[in-house]
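A.B. asks: Okay, sequence plus prediction incoming.
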Amino acid sequence: MTFRELDVVVDHRLFGLVDEEGQQGERPATPGSQALVAANATMLYIQTCEDVLDTRLRLESWDGPPDEFDEGLWPVHREVVMHLPSGRFLVDEIAAGGRSDAFRLPAAGDWRARAAWRPGVFDDEGASSGPEGWALVQFWPGT
């Protein structure tokens, strides 16, 4: 497994991962109020469950299906199937712009992705000692 972590700016509860060669075409419709992910073959947009400004994003690439994760820790999650022309992602931070070459998969082609979300940790006064939320996206070859 390979991974990368980065901080992401969230705009109106939304940020996305877009294959760098799959940017033509329309962004998938914004997820509904209770949904986590809107995706098409080349784009995956995550809608946070809360109004947050910053999220810590962990991207993982696996050779096969990833290990199970603790659903108590990651209560909101969804799997999607993608067809990626390059396997290189940019992060779309909506109004804040995009960041190219944020993550690379070993190859282009068919991939499965599992996206998960959890809120950050806040003290009794509402102060956070870290990001306001955490997002995890795990990729593995689709067969």
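C.D. replies: Happy to help now that I have it. These numbers come from a predicted model, not from an experiment.
A.B. asks: quick one: the strands in the protein?
C.D. replies: Along the chain, counting by DSSP state E, strands occupy 2-9, 14-19, 37-39, 43-47, 54-61, 76-84, 88-92, 98-104, 109-119, 133-141.
A.B. asks: Can you flag the weakest of those strands by average pLDDT?
C.D. replies: For the strands of the chain, mean pLDDT drops lowest on strand 37-39, to a mean of 90.
A.B. asks: chain center to that one, what's the gap?
C.D. replies: Remark: strand 37-39 is offset 9 Å from the chain centroid, using CA atoms, centre = their mean, to the nearest Å.
A.B. asks: what's the answer for stretch 10-30, then?
C.D. replies: 10 Å.
A.B. asks: Turn the strands of the chain into JSON lines, including distance to residue 29.
C.D. replies: C-beta coordinates here come from the backbone N, C-alpha and C atoms, glycine included. Shown next, in JSON lines, are the strands of the chain (distance: least, CB to CB, whole Å):
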{"stretch": "strand 2-9", "distance to residue 29": "21"}
{"stretch": "strand 14-19", "distance to residue 29": "11"}
{"stretch": "strand 37-39", "distance to residue 29": "6"}
{"stretch": "strand 43-47", "distance to residue 29": "9"}
{"stretch": "strand 54-61", "distance to residue 29": "21"}
{"stretch": "strand 76-84", "distance to residue 29": "14"}
{"stretch": "strand 88-92", "distance to residue 29": "15"}
{"stretch": "strand 98-104", "distance to residue 29": "19"}
{"stretch": "strand 109-119", "distance to residue 29": "16"}
{"stretch": "strand 133-141", "distance to residue 29": "19"}
